[in-house]
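A.B. asks: need coordinates for the following:
(one chain, ligands or ions: 1)
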Amino acid sequence: MYWNERYECMPAAELQELQLERLQATVRRAFFDVPFYRRAFQEIGLEPGDIKSLDDLQRLPFTTKQDLRDNYPYGMFAVPMSEIVRIHSSSGTTGKPTVVGYTRHDIDVWSELMARALVCGGATRHDIIQNAYGYGLFTGGLGIHYGSERLGASVIPISGGNTKRQVMIMKDYGSTVLTCTPSYALHIAEVMAEMGIKPEEIKLRCGIFGAEPWSESMRQEIEKRLGISAVDIYGLSEVIGPGVGIECQEKNGLHIFADHFLIEIIDPVTGKQLPPGQRGELVITSLTKEALPVIRYRTRDITSLIPGPCPCGRTHPRVARFTGRTDDMLIIRGVNVFPSQVESVLLEMGGTEPHYLLIVDRQGSLDTLEIKVEVSETLFSDKVRRLEDLEKRLRHELESTLGISVKVTLVEPKSIQRSEGKAVRVIDKRKI
Ligand SMILES: [Zn+2]
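C.D. replies: Model (predicted):
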């Protein structure tokens, strides 16, 4: 049930003591070995010795993705390149990518955390793990891979893509665990159905999905279509990669591995810490990283702290499932809209597929939102009147959830492009 019970179930007081000790070491490392942090600390007159308690965390400056970009490629590293054994980077869809490095010890810690995450998510060393996360600069593939090997499971390094082959291998090799993005899991399920393979014909029992926000209804949909139990895993390359946190079998929030990462939820506008239960931006301070320590890294991911202990026995804090990213949030006519809200409505209503696209535009001075939704195969071949009725009900439901008027366009099944990694849900024409 646990990979490392001593650390995962550590009593709160002992855990806090360990965190403080590690925070102080990280702050010293950042100050003495990273010119960016030394300057940032000096600007506010702060020295490593000023951090005397965990509350003092709030005195430290934030780190943003822009800081990593400004110091591209290696300016944030705290060790010479001779100690770096691995380099990963983000996709860099907007501007320069961010580059991250790992020492041998960092890779060791990451593998350990990933093994811990896999066990927490329901995997054991007897599993055959089909790892359909992309291998390469993206941390997903290799992160899961090293964790699976550390766990002692059998890992199939299939990477993303070639979905028919994924299904064939899943069936023939007897894969029991699938790891990929939730949108890709859904696509695999779709292709499996097209190939005439039923969930009972495969051995898959568990799915560990992440790298994009997904709703509770999406979980139920994937679980039903693949006949599995699915959990949400969290991580980001700037902090380490996957394995920062994961849901346990309670499926009620993600445990963040607090002996390695110190978390806060802040108001993204004021930067002030928020109490448990209140939604804000997740901020992470690494506690054990050598190559790239990050102090109060602003993840832009939106969540809240779940108060109270978890029945699974792990003492590490839990955060609620992510509802989106501050940069996914669309502001349409002054109202905050998240693509995940649309997803929930679609899955709860039925008659449609959870494939959708939000198109934001501006007519004159007014923002418009069009939502393209795929109709399910059975309904599509049906009478026009039923489609009109569905469109009307969807529009009504979406407008009451989002709080703005929307145009709903029903489109043919399989006409919205599928993704083998992170799905594209929004086209914002206002920026062009
Ligand atoms: Zn738990």
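A.B. asks: mind telling me which residue of the stretch 101-250 of the chain is nearest the ion?
C.D. replies: Nearest residue of the stretch 101-250 of the chain to the ion, counting by CB to the ion: Cys248, 3.3 Å away. To be clear about C-beta, it is placed using only N, CA and C from the backbone, and glycine gets the same treatment.
A.B. asks: neighbours around the nearest residue to that residue once chain neighbours are set aside, how many?
C.D. replies: Excluding its sequence neighbours, the residue lying closest to Cys248 (CB to CB, 6 or more residues apart in numbering) is Cys312, at 4.3 Å. The local packing count at Cys312 equals 18, with neighbours defined by other CB atoms under 10 Å.
A.B. asks: ok so, going back, the residue of the stretch 101-250 of the chain closest to the ion reaches Pro309, doesn't it?
C.D. replies: No - contact criterion CB atoms under 8 Å: Cys248 and Pro309 do not qualify, at 11.9 Å.
A.B. asks: settle it for me: which of these two has more neighbours?
C.D. replies: Between Cys248 and Pro309, counting by other CB under 10 Å, Cys248 is the more crowded of the two (25 against 11).
A.B. asks: let me see the contact set for that one.
C.D. replies: With CB atoms under 8 Å, 6 or more residues apart in numbering as the criterion, the residues that contact Cys248 are 120-121, 231, 255, 310, 312, 314.
A.B. asks: which other helices and strands contact the helix or strand hosting Arg29?
C.D. replies: Assigned by DSSP states H and E, Arg29 belongs to helix 12-33. In terms of contact count using 3 or more CB pairs under 8 Å, 6 or more residues apart in numbering; DSSP states H and E, helix 12-33 is assigned the packing partners helix 35-43, strand 280-286.
A.B. asks: ok, which of these comes nearest the ion?
C.D. replies: Proximity to the ion, assessed across those by CB to the ion, is greatest for strand 280-286 (17.8 Å).
A.B. asks: can you give me the angle the helix or strand following the closest one makes with strand 280-286?
C.D. replies: Scanning forward in sequence from strand 280-286 by DSSP H and E, the next helix or strand is strand 297-303. Using axes from the mean of the first three to the mean of the last three CA atoms, to 10 degrees, the direction of strand 297-303 lies 140 degrees away from that of strand 280-286.
A.B. asks: name the next helix or strand downstream of strand 297-303, please.
C.D. replies: Assignment by DSSP H and E places the next element after strand 297-303 at strand 305-306.
A.B. asks: partner strands of that next one, with direction?
C.D. replies: The pairing partners recorded for strand 305-306 under DSSP bridges are strand 318-319 (antiparallel).
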